[in-house]
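K.L.:
Using only what follows, build the 3D model:
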Amino acid sequence: MPLTTHFLVLSLLLPVFVDVGLSVDTVVNGHPLHRSRIEAVALGEGISSAQARTRLVEAMLVAEEARRSGFPGALTIADPERLADAYLAEVFSEETLCGNISARQLRQFYEISYKPEWPVDVYQGDVIELRCCPSLADACSAEDVAACKERNQGLPVALERLASEWRGGRLPPLDELTRQYPGLRATDFAFVIWPDIPLDRQRQKSLFDPALLGMIMALEVGEVSGPVESPLGFHVVRLNRFRAAITADSPEFLAAGTHALCRQRVVQTRRDFVARLLGQAVVNPPLKGDSKGNR
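P.N.:
Coordinates of the predicted model:
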């Protein structure tokens, strides 16, 4: 093939190669953003091309602001994304934005936004009991309950001896007691209490009458109660575990809530800053959802 023909073919194909690899997708304040860069970010991050385009446009605007403001390193960091990240991290840092969080702001954040992992008090333990009525939800006649308690009137003394041994670290075998008092059993329990709601307004714990419930709630973890007679029967309780709700006054919230509110404030402030830059920018073609080219 003549040399002139080679030059002719190359001259025809070169614009195609240039268009495929370097075609401008978006112009941001007069600066080009090439389609190849958008596709590389989309592929590398596993996001859509539209998301990659938005991210790069925002990075270009933040990098432009960093250079305009004389941010240290702005002239040496060529990659707009790296420069944007460095600028946002320095100007809108936790140290800058979170030094003045007040107790009122923290409580407001708890009430409106914070979702604690444990909004309730949790009680778990073991109980040795003989129930004359299975639960408060059962329709047990007063006569039947009274007759049951009369038959087992010696049980409180036996339960006191059992509780004494239990406090010593060992729960004695129940075989002899269960033969003497049929219906006596050992079981475990668990229930939750909403600390900010009066007990009488919460859903009734049908397995415990209010007096027994209050006694359990007064126990320390590891403590064994004395024999308790309730409308349901006779009980000895050991509280094994208690986990307090995370409330606005909990030490756990003061630490975790302050960090969460701080992060929320940092993220929102950065978003507002980027939105302001977009509102002042000329982006062509516009970003999705904004006829001017801004989000």
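K.L.:
going forward, measure contacts and count neighbours with C-alpha atoms only.
P.N.:
Will do.
K.L.:
Which of the three states applies to the closest residue to Ser225 other than its chain neighbours?
P.N.:
Nearest non-adjacent residue to Ser225, counting by C-alpha to C-alpha, 6 or more residues apart in numbering: Val237, 5.3 Å away. Going by DSSP: H, G, I helix; E, B strand; the rest coil, the secondary structure assigned to Val237 is strand.
K.L.:
Provide a list of residues in contact with Val237.
P.N.:
125-128, 216, 224-226 (C-alpha atoms under 8 Å, 6 or more residues apart in numbering).
K.L.:
Could you check how far it is from Ser141?
P.N.:
Distance, Val237 to Ser141, by C-alpha to C-alpha, to the nearest Å: 25 Å.
K.L.:
Can you get me a residue count around Glu150?
P.N.:
Residues lying near Glu150 (other C-alpha atoms under 10 Å) number 11.
K.L.:
swap in the one 10 residues further on?
P.N.:
Using other C-alpha under 10 Å, Glu160 is surrounded by 16 other residues.
K.L.:
part of a helix, is it?
P.N.:
Yes: note on Glu160: a helix contains this position according to three-state DSSP.
K.L.:
circling back: quick check: the gap between the residue nearest to Ser225 and Asp272.
P.N.:
For Val237 relative to Asp272 (C-alpha to C-alpha), the value is 56 Å.
K.L.:
Can you show me the helices along the stretch 51-200 of the chain?
P.N.:
With helices called from DSSP state H, counting those that start in this stretch, the stretch 51-200 of the chain shows them at 80-91, 94-97, 103-112, 142-151, 155-167, 175-180.
K.L.:
With mean pLDDT and distance to Gly279 as extra columns, can I get those helices in a markdown table?
P.N.:
Converted to a markdown table, the helices of the stretch 51-200 of the chain look like this (pLDDT from 0 to 100; distance: least, C-alpha to C-alpha, whole Å):
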| stretch | mean pLDDT | distance to Gly279 |
| --- | --- | --- |
| helix 80-91 | 93 | 17 |
| helix 94-97 | 90 | 23 |
| helix 103-112 | 85 | 29 |
| helix 142-151 | 95 | 76 |
| helix 155-167 | 95 | 70 |
| helix 175-180 | 93 | 79 |
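K.L.:
of these, which approaches Ser230 most closely?
P.N.:
With C-alpha to C-alpha as the measure, helix 142-151 is the member of those nearest Ser230 (10.2 Å).
K.L.:
Done for today, thanks.
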